[in-house]
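# no FASTA, just this:
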């Protein structure tokens, strides 16, 4: 094994070249002392090389998928399911190869197959993000020495959709009592889909007017004020413990909303309630920093997007101006 280091002197002081063009001083002019230090440095270097080789474990994709899932303690069950699905789809395309045999070209092959199967770019990017996270774990745990590069597909960014008051009233009016209560909660808190579904009565204080979303996006807890509208909606069903809302699958909730919106001849999706909540908070004069904290945005730049949406709404509304 060729040693990538050498002992040399510069102005009488001993130095070690650790790699080509890089060196450090041993801070001694004594040749015997310098040789002894250099000997120890070479031993440590050899140990490091052997340790690096030992860390590369043999593991195929299916074995790795199981190990990775077991490591995801404290992570949402839905996130873990998406992890498993993404790795399974990858395995279906490239085969049950050793994880260290996963290359850039195989990742690109996976993307091409997903596109050929008519998967949307935003969906494919979701798979890629979960695969990327899994490969970071593989690198940290020594299953691979180098992580393949993963480039996301370009996605056309669409304007955020904000529901008008008449559309909101139409949707609420066509929902049954339980579902209307949930939709109101989304509108008046700006909660994400799973944040509301995971909310337990233990984390709700109607008398003090707040609730706490536990382990939200970014693994943060978030305290959110409850308006009088939400307090009145939740009071009739208040309990001491247990989930606040019926425990339907998140996709079922989205499907129920889509059916109501379609029946009302409105183009919208459930997440548009969060967009609407943020926009109307800003329109009502709530400071943008407060809105950021209520919605749980990691960056103020995310909240700022809604100020542009608000400008678009103002421009659209001004077209109704008539002097007649």
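That came through, no problem. Quick caveat, the model's predicted, so the values are computed rather than measured.
# Strands along the stretch 1-150 of the chain, start to end?
Counting by DSSP state E, counting those that start in this stretch, the segments of the stretch 1-150 of the chain that form strands are 6-10, 13-19, 22-25.
# Can you say which of the ones you listed is packed in most?
Greatest average neighbour count among the strands of the stretch 1-150 of the chain goes to strand 13-19 (a mean of 15), per mean count of other CB atoms under 10 Å. For every residue, glycine as well, the C-beta is placed using N, CA and C.
# tilt between it and strand 6-10?
Between the direction of strand 13-19 and that of strand 6-10, the angle (axes from the mean of the first three to the mean of the last three CA atoms, to 10 degrees) works out to 140 degrees.
# Check which strands are paired with strand 13-19 and give the direction for each one.
Within its sheet, strand 13-19 is paired with strand 6-10 (antiparallel), strand 22-25 (antiparallel), according to DSSP bridges.
# before we move on, back to that, of the strands of the stretch 1-150 of the chain, which is nearest residue 31?
Ranking these by proximity to residue 31 (CB to CB) places strand 13-19 first, at 7.3 Å.
# pLDDT wise, what is residue 53 at?
According to the predicted model, the pLDDT of residue 53 comes to 43.
# Can you add distance to residue 197 and mean pLDDT and give the strands of the stretch 1-150 of the chain back as a markdown table?
Shown next, in a markdown table, are those (distance: least, CB to CB, whole Å; pLDDT from 0 to 100):
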| stretch | distance to residue 197 | mean pLDDT |
| --- | --- | --- |
| strand 6-10 | 63 | 85 |
| strand 13-19 | 54 | 79 |
| strand 22-25 | 54 | 74 |
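# right, so of these, which gets closest to residue 126?
Ranking the strands of the stretch 1-150 of the chain by distance to residue 126, with CB to CB as the measure, places strand 13-19 first at 40.0 Å.
# from what I can see, residue 223 looks like it's in a helix, true?
No: with DSSP: H, G, I helix; E, B strand; the rest coil as the criterion, residue 223 is located in strand rather than a helix.
# what about the closest residue to it other than its chain neighbours, neighbour count?
Spatially, and ignoring its direct neighbours in sequence, residue 223 is nearest to residue 212 (5.1 Å; CB to CB, 6 or more residues apart in numbering). Taking other CB atoms under 10 Å as the criterion, the count of residues near residue 212 is 15.
# contacting residues for residue 212?
Listed by CB atoms under 8 Å, 6 or more residues apart in numbering, the contact set of residue 212 reads 203-204, 221-224.
# With that, I have no additional questions.
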